[in-house]
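Student: Prediction below, plus the sequence it came from.
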Amino acid sequence: MTVRPTGSVTFLFTDIECSTKLAQEFPGTFQSAVNRHHSILQNKIESNRGFVFEIVGDAFCCAFENAADAVKAAVEVNLALAREKWEGAEIKIRTGIHSGNAEWNGSKYMGYITLARSARVMSAAYGEQILISNDTYRLLDLQLNPNEPVTKIINSESTAPLGLQGKPEISFRDLGERRLKDLMQPIRLFQVTAPGLRYDFPPLKTLDPRRNNLPVQVTSFIGREEEIEKAKELLKHSSLVTLTGSGGSGKTRLAVKIGTDAIDEYQCGVWFIEFESLSGNSHLANSITKVLGIIENPKITVEEQLLDYIKDREMLLIFDNCEHVVNAATMLVHTLITKCPKLKIIATSREALRCEGERIYQVSSLGYPEPDEKISPEMLNQYESARLFIERASSANLKFSVNDENASAIARICYQLEGVPLAIELAAARVKTLSVEQINERLDDRFNLLTAGYRTALPRQQTLRALINWSYELLNEKEKTLWNRLSVFSGGWTLEAAEKICTDEKIIKTEMIEQLEALVEKSIVIFNAEKIRYRMLESIRQFGAAKLKDENESESIPERHFKYYTELATNADEKITGDEIVHGLN
């Protein structure tokens, strides 16, 4: 018979995340999934000397005499659920572990406070997350490391008690003191981590989330799982990570998502500062102090106030839209990260800050299907750009649906817009008045078509033309001229072709490398290192082509382009049919 622990007991509570929603979405397979979930939990709990004393619906209430057994059982359960091949409903459980006094009276446990705290610890977790209370953590330390000071383990960020190593490598992530519903005193919580378990989660479901001013996102975040993980990894090893990319590529949304996911790691919060309308170093510093709520001190400079406030605070700052104040932003960021050791900064900009210690992450377009690919509605879900279009189109028009007839048109829209998130959102907004086939057919005139942005968005994000014009106006005259001239290349170009076609007294040949590099750095031109070729996104190219038409050289550049490639083709034909190829064959 399974031992009914009594006295000092460690309780493990679980329930299935979003079980009601899963039951509605998968009525045919949900019950069999729950049955499999029950079997896995029963087996793992009992094999680790646990006692399942109550099952309420899909919620398990378990008791352990030994805290280490409870932790080990929780890890094994979650690993087993993660390995399971679910048909339809995928089961993920929230897990909470707490230790305290309780008595078994022969039919149930008596000890309301301990049981209530166990339930509240579980309720703070997400599916796949295991939380333990400070009481359980201390008990683990006493049971497994009786000769070690308790504080030595508790004060470390992630330390595995000796007795748990190799089962697998279980460790604990300190999430700090948290206020839980109906409990008078806060409880310090730890997240159990081990190889194979999910590590990153949104802020805990507690009454005191980390302080922040992150903008609430009213639309869902689509994809980018790999980008999020890579950017987070860079942030672990650097005080400054700059997300670069062309306009509309989703830099801001990605930065906010990273900040939201990592909020529990910063005791003093995560703060979002918009640089859109600012200019100059003092304006930047003022904007930050206002967001942080720093009281003005007229005896010292704003920058000194900022440094004094942040100093030893552990926080993450997100500086959004740095491209038009890049020099001032670079100087301020350099000062902050060199004098505030616990500070982390994410910057979004169309070009890197070029600050010492900066890690750069290029935010690329979302994945999109090839236009000639035969695609079904189910296949569209493989592509993040298509999922984004479908989600936003469904919000714009409740009658919108994907079917075999329009799936190919959706694929072609995503291809033509090259997976640029903002452009896809603007196209999706048109389903209120146009079919997807009509939207696809009209993308040759995309600047007049893609004008239906949210009124609440920044002005430059309400139309495709305004978005690209923002980047254009930040350039100097030579960079603008080169952008216009490079628009004659529809499929990319080499350095030699650009030097031949785009240089004259305005842009001399020796300047071409420098000017091209400037456009690459500012996310106007894309360089393919493998093919040693350059290209532009089609929307950027078409914008430049329209500008080129407005200039006096609108005829000379296309003529040079035609002449260059005619000569190239002629010379290539002579080499293919002439003595050189014959000699090569011999």
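Tutor: Noted; the coordinates are in hand.
Student: Centre-most residue in the protein?
Tutor: The residue lying closest to the centre of the chain (CA atoms, centre = their mean) is I228, at 3.7 Å.
Student: so where does that one fall, helix or strand?
Tutor: helix 225-237 (DSSP states H and E).
Student: what packs against the helix or strand just after that helix?
Tutor: Moving toward the C-terminus from helix 225-237, the next helix or strand (DSSP H and E) is strand 240-244. Judged by 3 or more CB pairs under 8 Å, 6 or more residues apart in numbering; DSSP states H and E, strand 240-244 is in contact with helix 225-237, helix 251-261, strand 343-349, strand 358-362. In this view, the C-beta of every residue, glycine as well, is placed from N, C-alpha and C.
Student: re the thing from before, contacting residues around the residue nearest to the centre of the chain?
Tutor: I228 is in contact with L254, K257, I258, D261, counting by CB atoms under 8 Å, 6 or more residues apart in numbering.
Student: out of those, who's nearest L306?
Tutor: Distance ranking of the contacts of I228 against L306, using CB to CB, places I258 first at 22.6 Å.
Student: so that closest one makes contact with K236?
Tutor: No - here I258 lies out of contact with K236, judged by CB atoms under 8 Å, at a distance of 11.6 Å.
Student: hmm, back to that, which of the contacts of I228 tops the neighbour count?
Tutor: Within the contacts of I228, most neighbours by other CB atoms under 10 Å means I258, with 26 neighbours.
Student: so what pLDDT did it get?
Tutor: Per-residue pLDDT puts I258 at 93.
Student: Then G280?
Tutor: For G280, pLDDT reads 60.
Student: show me what contacts the nearest residue to N403 once chain neighbours are set aside?
Tutor: Closest residue in space to N403, ignoring its immediate chain neighbours: P377 at 6.3 Å, by CB to CB, 6 or more residues apart in numbering. Contacts for P377 were tallied using CB under 8 Å, 6+ apart; they are V402, N403, D404, A407.
Student: Could you tell me how far P377 is located from V71?
Tutor: 44 Å (CB to CB, to the nearest Å).
Student: hmm, back to that, quick one: which of the contacts of P377 sit in strands?
Tutor: Nothing among the contacts of P377 maps onto strands, per DSSP state E.
Student: Quick check: the farthest pair among those?
Tutor: Of all pairs drawn from the contacts of P377, the one with the longest distance (CB to CB) is V402 and D404, at 8.8 Å.
Student: Comparing these two, which shows the higher neighbour count?
Tutor: Comparing V402 with D404 by other CB under 10 Å, the one with more neighbours is V402, at 19 against 9.
Student: picking that back up, just curious, which of the contacts of P377 is nearest to T570?
Tutor: Comparing those against T570 with CB to CB places A407 closest, at 43.7 Å.
Student: which residues does the closest one contact?
Tutor: I375, S376, P377, M379, L380.
Student: Just to check, the last one is in contact with I390?
Tutor: If I follow you right, that is L380. Yes - under the criterion of CB under 8 Å, L380 makes contact with I390 at 6.9 Å.
Student: who touches both of those two?
Tutor: Taking CB under 8 Å, 6+ apart as the criterion, L380 and I390 both touch V402, I410.
Student: which one of the helices and strands packed on strand 240-244 is the most hemmed in?
Tutor: Most buried of these by mean neighbour count (mean count of other CB atoms under 10 Å) is strand 343-349; its value is a mean of 25.
Student: average pLDDT for it?
Tutor: The model assigns strand 343-349 a mean pLDDT of 97.
Student: just to revisit the earlier point, what does the residue nearest to N403 show for phi and psi?
Tutor: phi -60, psi -40 (degrees, to the nearest 10).
Student: Next: W271.
Tutor: Phi and psi for W271, reported as degrees, to the nearest 10, are phi -130, psi 130.
Student: Name all residues that make contact with it.
Tutor: N212, N213, I288, V291, L292, M315, L316, L317, I318.
Student: mind redoing it with 6 Å?
Tutor: Neighbouring residues of W271 by CB atoms under 6 Å, 6 or more residues apart in numbering: N213, V291, L317.
Student: Compute the distance between it and T20, please.
Tutor: 36 Å.
Student: and what of L426?
Tutor: L426 sits 35 Å away from T20 when distances are taken as CB to CB.
Student: Then I55?
Tutor: 17 Å.
Student: again with A407
Tutor: Relative to T20, A407 is positioned 31 Å away (CB to CB).
Student: repeat for A546
Tutor: 53 Å.
Student: Confirm for me that C355 is in contact with A329.
Tutor: No - if you go by CB atoms under 6 Å, C355 and A329 don't touch, sitting 8.7 Å apart.
Student: if you count what's nearby, which of the two comes out ahead?
Tutor: A329 (24 against 20).
Student: Tell me who's in contact with the more buried one.
Tutor: Neighbouring residues of A329 by CB under 6 Å, 6+ apart: C322.
Student: Can you tell me the SS state at it?
Tutor: Taking DSSP: H, G, I helix; E, B strand; the rest coil as the rule, one finds A329 in the helix state.
Student: H334 versus I439, what's the distance?
Tutor: Taken as CB to CB, the span from I439 to H334 is 45 Å.
Student: Setting the sequence-adjacent residues aside, check what's closest to W483.
Tutor: G544 (4.8 Å).
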